[in-house]
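Q: The sequence and its predicted three-dimensional model are supplied below.
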Amino acid sequence: MIKTKIIFLILFLFSFQNIDTNQRIIDEVKLKYEEKVIIIYQNISGCLKCMATPMNIIYQSIKKSKNKKIKLIALVYCRRDIELTLFKRNYNWEDYLLRVDHNVKDDLGVSESSIISVMNSYGEIILNIEPSSNSNDNIEKLTNILNY
């Protein structure tokens with residue numbers, strides 16, 4: 001009987017540790033009604049091109065977009081806060097950051113090759129962008145969803 005109570009207590013405590021990833025993002029950026037958040041996925045040991053490619057798509061799309069209710073967050077695969085700080089410094093990152101593990105794409109329901117996602121204020125992923133040889137297509141897709 002005591003063993004069963006201890007097991008239930010442990011399971012109860014662990015259930016609060018893994019907060020829904022979508023909700024973590026909404027909370028981090030303080031997403032409000034009708035706002036959208038652009039999500040990029042970054043690795044602390046990633047190459048410059050891995051950062052430049054999605055950022056080029058994002059900046060070109062934001063320039064073309066009429067929507068000003070847009071936030072940007074980098075989900076950075078790392079284990080320690082110091083790594084997040086280094087990422088921020090190395091890339092001169094001024095937007096939102098969130099430390100995540102490598103399961104984040106599964107948690108969000110996007111493909112492993114995703115470089116950019118867009119989430120609406122309801123926590124739904126409404127666009128998923130994968131690397132493409134034609135970045136203009138990706139810019140157009142992102143601009144259209146930002147204007148919607």
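A: Now that the structure is in, tell me what you want to look at.

Q: Spit out the contact partners of Q60.
A: Residues counted as contacts of Q60 (CB atoms under 8 Å, 6 or more residues apart in numbering) are I139, T143. Glycine gets a C-beta too; all of them are placed from N, C-alpha and C.

Q: Give me the three-state assignment for it.
A: When classified by DSSP: H, G, I helix; E, B strand; the rest coil, Q60 comes out as helix.

Q: helix/strand/coil for the residue nearest in space to the middle of the chain?
A: Nearest to the geometric centre of the chain sits I39, at 3.4 Å (CA atoms, centre = their mean). At I39, secondary structure determined by three-state DSSP is strand.

Q: Correct me if wrong: it contacts N120.
A: No - with contacts counted by CB atoms under 8 Å, I39 stays clear of N120, the gap being 11.6 Å.

Q: Show the end-to-end separation of stretch 119-130, please.
A: Stretch 119-130 has an end-to-end distance of 15 Å (CA to CA, to the nearest Å).

Q: repeat for stretch 114-124
A: Chord length of stretch 114-124, first to last residue, is 15 Å (CA to CA).

Q: Could you give me the buried positions within that stretch?
A: S114, I115, I116, S117, V118, M119, N120, G123 (16 or more other CB atoms under 10 Å).

Q: cool, stretch 70-80 as well?
A: Using 16+ other CB under 10 Å as the test for burial, stretch 70-80 gives K71, L72, I73, A74, L75, V76, Y77, C78.

Q: sorry, back to before: ok, the buried residues of stretch 114-124 vs T21, which is closest?
A: The nearest member of the buried residues of stretch 114-124 to T21, counting by CB to CB, is G123 at 9.2 Å.

Q: so the closest one, which of the three states?
A: Going by three-state DSSP: G123 is coil.

Q: So which of the buried residues of stretch 70-80 sit within strands?
A: K71, L72, I73, A74, L75, V76, Y77 (DSSP state E).

Q: With distance to D27 and pLDDT added, can I get those residues in TSV?
A: As requested, those are arranged in TSV below (distance: CB to CB, whole Å; pLDDT from 0 to 100):
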residue	distance to D27	pLDDT
K71	12	95
L72	16	95
I73	11	96
A74	16	94
L75	14	95
V76	17	94
Y77	19	92
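
Q: which one of the residues you listed is nearest N128?
A: L75 (13.5 Å).
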